[in-house]
Structures are given as C-alpha cells and as structure tokens.
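S.K.: Model the structure of this input:
(one chain, ligands or ions: 1)
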Amino acid sequence: MVDVIRSAEPISRVEVAELTGLTQPSISNIVRDLIAAGVIHETGAVDSARGKPRKLLAINPANLFGVGFQLGPESVTCVAIDLTGGVVGREVVPLDGSDLAGQLAARFDDFTDGLDLPRERVEGLAVVAPTASPGDPDTFGALRDELADRLKIPVLVENDAAAAALGEFWSRRVSREQSFGAVYLSTGIGAGLVFGGALFRGAGFDAGELGHLSIQYDGRPCPCGNQGCVERYASMSATVEEARSYPELASRLRLDGTVSSAYDTVARAAVNGDAEAYAVVDKAAGYLSVAVTSMVNLLDLGRIVLTGPGVAVAGSIYARRLRAHLARTAHARHRHEILVELSAQPRNAAAIGGAALIVQASIAPGHTPGLRVSRDSAA
Ligand SMILES: [Zn+2]
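M.R.: Here you go, the predicted model:
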C-alpha cells in the first residue's frame, strides 16, 4: 500500500481503496499504523471532485533509505535514495581486485557515515552488476551472504538492467497500469520490464535478455551460441569495434584505450558533428531500434526508457532513431502512444534502481526475491 501512496501521492484514503481493492476499515487500520511508524503523514485537506474535503496521505521521505552499489570493471558507484526515490548521496570509488566483500563492506560504512544516515534507517544494500542474477546462487550468492553477515543488514544482488528498469519506473512515477520497459545500453545490452509495478522475472530471473535477441538468422556469431544477436551490432563494445574498423576515424579520434573511453570519444564526436562518427553511432542505433521494436510488439509496451552508460553522451541519437522506427513500424502505433524517453542519470541508473529495490522490499514485501536478511531483529 505504501507503494501505491508513493506512486500517486498526495492521495486520499478513498483513492487508496480504489487502487488497492482493500476495504475502508482495513485502510484506516493500516494508515494509522503507518502514520504511527512515521512512514507516511497527513497533508492539508482539499476540496475533492465529490465536494467533500478530504485529508490526503503522503510519504515521509527521510524515514527510510536504500543503498545501491553498481559494480563496474574498476570502480563501484554508490547511491542512497529515500522513500520517494530521491537521491540523497552518490559517489564513485575505485576498486582493486582483492577481497571484494571486504572492500564493499568498508565502502558501505564510509558511504553511510559520510551521509550521516542512521544505520537503523538504512533498509539494506543492493549490489548490481551485469552478470548478477538473484536466481544464481554461486557467483554473487556468496558475496551477498558474506556482506549480509558482515553488515547485519538485508543484502540483495540484481542484474543491472533489471535494477535500472525499476529505478526509472520509480523516479518517473510511472503509473502501475503502464507496461514499462527500460533498455540498458552498456558493454552488453539488457532490458528490464515492469508490469503492474513489479519487475517481470521470467521462469528463472533471466527475463529481459534483449542483447541476445537475434536480428539476423545467419548473422555475426555470438558467444551465447546464437547468431545475429543485437548485442554483436549495437552494444558499446560492438560500436567501438565498428569505429575502429575505419582506420582514418580510429586514428583521428585516437580510439585506443578501454572500450568505455573509446566509446565515449566516438559518441562525443557524433553529437559534435563528426559525420563519420555519427554514421557509426546512428547505424548501431538502427540495429538497436529493430530489436527494441520487436520487444515493444511482443509485449505491447507503452513506455520505453533508454538508460545505461551507452546513452550518457549520444542518447539523443538513439532516441531519435527509435522514435522514428516505432512511428513507422510498431504494431500498436495506431492504437496508443509509445513513449520513448532518455534517463536523466544513465550512468547511475542501475545503482539507483538497486537502492529502489531495497526500499520497495521494505514497503511492499513479496516483490523482491533473493533478499538475504541477516539483521537480528528481522523476522
Ligand atoms: Zn547472443
């Protein structure tokens, strides 16, 4: 119910009843408990359409916090959010290869101390990474258990695209009725899907593998075993590979160094009017648009957000290409609008989403599998 209030606040008790299907007496009881716990408060009365003044309910943002850590190749992005999804702190810290759990536990202590967040109000830590899945007990399960034991708080692990989708869903206050998808462009490509306010997981937490949607039967071979996977044409890595295949462009832009830095160089050149760089990025955007349109058609999505480090610089090129492709070919284009939006914080979206998962787990239990609770007081 807090999730309903959060997505529509300020909201009246009557509207909460309509949205949740709960009876008025149950709503009154739950609201009284939530007010007593400091999670929500009543705001001023308004004249409703029905002519009777009603008290509205709203969230107390500073009551609870979630922390998200987004693991990169050499660094961790740390984010804390409050109950409304507002970011209260962010930092990027380098990581070395040794004792990951120990480093992350120390980062958590430094980060929350630096923000002056009372430990009893931090509801947990989410660790998000491209290869992490709540359904995989081995790789990240051990890290999760060790962190939960050390920090004595709930810890979860999540895939970056899935986490980013939930974060974008929260921060945009997307209506729960909307079929919502986030496309996460990074060194790979992923998608997260939110239906009815909750992440769609699939049979084993692997839903949203957009990067391995094939756009050509006999196309480029992919390590997954398939051919023509869109990731092989449109990921940051594929785009850098494509740009490096033009010797003049590669030497003019000096495309050596890591994939991330080379990609940002190509993307910056593309948005600054370099015709050759623009052609490379726009072609990748075209490939991506074909795959995303298939996803939109398959699921009848009403709203898409482009997010992840790959859209931080040249997001407008991807958004323009996708909008044009959907307007020309999407099956539902004559029935309803299909919104394409760009993330406001594409480089931090997965960390923000991880933190949002923590907050959602604390206010709407049951939506968040894989949360390992190690706090002594937790039932
Ligand atoms: Zn593949």
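S.K.: okay, CA-based contacts and neighbour counts for the rest of this
M.R.: Noted.
S.K.: what are the ranges of the strands in the stretch 51-200 of the chain?
M.R.: In the stretch 51-200 of the chain, the strands defined using DSSP state E, counting those that start in this stretch lie at 53-59, 65-71, 75-82, 87-94, 122-129, 155-159, 180-185, 189-195, 198-199.
S.K.: What distance do you get for the residue nearest to residue 100 when sequence neighbours are not counted to residue 2?
M.R.: Nearest residue to residue 100, sequence neighbours excluded (C-alpha to C-alpha, 6 or more residues apart in numbering): residue 143, at 8.0 Å. As for residue 143, its distance to residue 2 is 30 Å (criterion: C-alpha to C-alpha, to the nearest Å).
S.K.: Kindly report the same for residue 21.
M.R.: 14 Å.
S.K.: higher neighbour count, the two?
M.R.: A direct count of neighbours by other C-alpha atoms under 10 Å for residue 21 and residue 2 places residue 2 higher, at 22 against 10.
S.K.: So the residue nearest to residue 100 versus residue 361, what's the distance?
M.R.: 20 Å.
S.K.: same thing with residue 171?
M.R.: From residue 171 over to residue 361 the distance is 16 Å, taken as C-alpha to C-alpha.
S.K.: burial of the residue nearest to residue 100, as a residue count?
M.R.: 20.
S.K.: My guess is it contacts residue 99. True?
M.R.: No: Residue 143 is beyond contact range of residue 99, at 10.1 Å (criterion: C-alpha atoms under 8 Å).
S.K.: Read off the pLDDT value for the residue nearest the centre of the chain.
M.R.: By C-alpha atoms, centre = their mean, the chain has its centre lying nearest to residue 164, at 0.9 Å. In this model, residue 164 is scored at 95, pLDDT.
S.K.: And for the one 4 residues further on?
M.R.: pLDDT, the model's per-residue confidence, is 90 for residue 168.
S.K.: Counting neighbours, what do you get for it?
M.R.: 31.
S.K.: Pull the contacting residues for it.
M.R.: By C-alpha atoms under 8 Å, 6 or more residues apart in numbering, the contact list for residue 168 reads 182, 305, 343, 349, 353.
S.K.: and the gap between the first one and the ion?
M.R.: Going back to what we said before, that points to residue 182. Relative to the ion, residue 182 is positioned 19 Å away (C-alpha to the ion, to the nearest Å).
S.K.: ditto for the second one
M.R.: When distance is defined by C-alpha to the ion, residue 305 is 22 Å away from the ion.
S.K.: and what of the last one?
M.R.: Between residue 353 and the ion the distance, using C-alpha to the ion, works out to 25 Å.
S.K.: I'd say residue 91 and residue 77 touch.
M.R.: Yes: applying C-alpha under 8 Å as the test, residue 91 and residue 77 come out as touching, 5.9 Å apart.
S.K.: Overlap in contacts, these two.
M.R.: Counting by C-alpha under 8 Å, 6+ apart, residue 91 and residue 77 have no shared contacts at all.
S.K.: Compare neighbour counts for those two and give me the winner.
M.R.: Higher neighbour count among residue 91 and residue 77: residue 77, with 20 against 12, using other C-alpha under 10 Å.
S.K.: Quick check: chain neighbours aside, which residue is closest to that one?
M.R.: Residue 77 sits nearest to residue 92 (C-alpha to C-alpha, 6+ apart), 4.4 Å away.
S.K.: Next, find the distance separating the one you found from the ion.
M.R.: Distance of residue 92 to the ion, given as C-alpha to the ion: 30 Å.
S.K.: so who does that residue touch?
M.R.: Applying C-alpha under 8 Å, 6+ apart, we find residue 92 in contact with 75-78.
S.K.: pLDDT below threshold where in the protein?
M.R.: Counting by pLDDT under 70, the chain has low-confidence residues at 45-53, 364-379.
S.K.: Can you give the domain ranges for it?
M.R.: 2-59, 64-163+349-363, 173-342 (automatic domain parsing).
S.K.: taking those domains together, which one is wrapped up most tightly?
M.R.: Ranked by mean neighbour count, these are led by domain 64-163+349-363 with a mean of 21 (mean count of other C-alpha atoms under 10 Å).
S.K.: The contacts of residue 168: which two are farthest apart?
M.R.: Maximum pairwise distance in the contacts of residue 168, criterion C-alpha to C-alpha, is 13.2 Å, between 305 and 353.
S.K.: So which residues on this protein come close to the ion?
M.R.: Proximity of the chain to the ion, by C-alpha under 5 Å from the ion, involves residues 212, 222, 224, 229.
S.K.: ok, residue 329 to residue 111 distance?
M.R.: Distance of residue 329 to residue 111, given as C-alpha to C-alpha: 47 Å.
S.K.: residue boundaries of the strands in the stretch 251-379 of the chain?
M.R.: 303-307, 339-342.
S.K.: Parallel or antiparallel, which strands does the last one pair with?
M.R.: The sheet places strand 339-342 alongside strand 303-307 (parallel), with pairing taken from DSSP bridges.
S.K.: angle of the partner strand against strand 180-185?
M.R.: If you take axes from the mean of the first three to the mean of the last three C-alpha atoms, to 10 degrees, strand 303-307 sits at 20 degrees to strand 180-185.
S.K.: Need the CA coordinates for strand 303-307. PDB is fine.
M.R.: Extracted C-alpha coordinates of strand 303-307, given in PDB (Å, rounded to 0.1, in the frame of the first residue of the first chain):
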ATOM      1  CA  ARG A 303       6.700   3.400 -22.500                       C
ATOM      2  CA  ILE A 304      10.400   2.800 -23.100                       C
ATOM      3  CA  VAL A 305      13.300   4.400 -21.300                       C
ATOM      4  CA  LEU A 306      16.800   4.300 -22.700                       C
ATOM      5  CA  THR A 307      19.400   4.100 -20.000                       C
END
